[in-house]
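Colleague: Take this sequence and fold it.
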Amino acid sequence: MEISVIVCLLVILLAIWIVSVRKKLAIMDENINHSMNQIGVQLSSRFDALLSLLDFTKKYAGYEAQTLTDEVNEKRCIIMETSTPEEVLRQEGVINEVLFRTQTVLEEYPGSTDENEYIKCMDAVECYEKMVQTSRLIYNDSVTKLNRELHIFPTSVLAHMLGFEKRDYLVEN
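Modeller: Numbering: from 1, shown residues only. Purely as a prediction, here's the structure:
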């Protein structure tokens, strides 16, 4: 009789441990997904600010601005919780390339970069870039926490059985 009670207690303790580990890993995984969503929101806002800058550029260089706008619209994609770090980096690359090309075009027109509208557009682009950087830090911190848990025995064995996998960091090349 005592052995069956001990076995039952061990089974109950094991079940409680499994549930608590599963819950902890699920929360960590959800934090990573939420962080990726935040990156997507900030990148979308940065794209919108960039499009405002391109609208401003049309006053000086209509054809070049329209070409860049078309390029942005063609290469832009939505970043969401299932997106990969590579997709985020690709979108950031599109923004940085178009931003550089836009600034190069505007340098050909003296005084264009002194206008208040230009300054406001650039401030918005830079503001959203800072927000993206902050969101990236939060994402990478969340990935670190999950990956660390996945390396600790015996959690690592249970995590593998439950389908949790190591996540990739969002790092620039």
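Colleague: Relative to the whole chain's centre, how far out is stretch 42-52?
Modeller: Chain-centre distance of stretch 42-52: 14 Å, with Cα atoms, centre = their mean, to the nearest Å.
Colleague: Send me it as PDB with only the CA atoms.
Modeller: What follows is stretch 42-52, C-alpha atoms only, in PDB (Å, rounded to 0.1, in the frame of the first residue of the first chain):
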ATOM      1  CA  GLN A  42       7.800  49.400 -36.100                       C
ATOM      2  CA  LEU A  43       9.100  48.400 -39.500                       C
ATOM      3  CA  SER A  44       5.700  49.100 -41.000                       C
ATOM      4  CA  SER A  45       5.700  52.600 -39.400                       C
ATOM      5  CA  ARG A  46       9.300  53.100 -40.700                       C
ATOM      6  CA  PHE A  47       8.100  52.200 -44.200                       C
ATOM      7  CA  ASP A  48       5.300  54.700 -43.900                       C
ATOM      8  CA  ALA A  49       7.700  57.400 -42.900                       C
ATOM      9  CA  LEU A  50      10.000  56.500 -45.800                       C
ATOM     10  CA  LEU A  51       7.000  56.800 -48.200                       C
ATOM     11  CA  SER A  52       6.300  60.200 -46.800                       C
END
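Colleague: how about it: buried residues?
Modeller: Gln42, Leu43, Ser45, Arg46, Phe47, Ala49, Leu50, Leu51, Ser52 (16 or more other Cβ atoms under 10 Å). Quick note: C-beta positions are derived from backbone N, CA and C, even for glycine.
Colleague: how close does Trp17 get to Leu68?
Modeller: 56 Å (Cβ to Cβ, to the nearest Å).
Colleague: Neighbour count: these two, which is higher?
Modeller: Each of Trp17 and Leu68 has its neighbours counted (other Cβ atoms under 10 Å); Leu68 has more, 23 against 13.
Colleague: Tell me if I'm right that that one and Leu99 touch.
Modeller: No: look at Leu68 against Leu99 with Cβ atoms under 8 Å: they stay out of range, at 9.4 Å.
Colleague: quick one, phi psi at the residue lying closest to Arg76 once chain neighbours are set aside?
Modeller: Nearest non-adjacent residue to Arg76, counting by Cβ to Cβ, 6 or more residues apart in numbering: Phe47, 5.7 Å away. When read as degrees, to the nearest 10, the backbone of Phe47 gives phi -60, psi -40.
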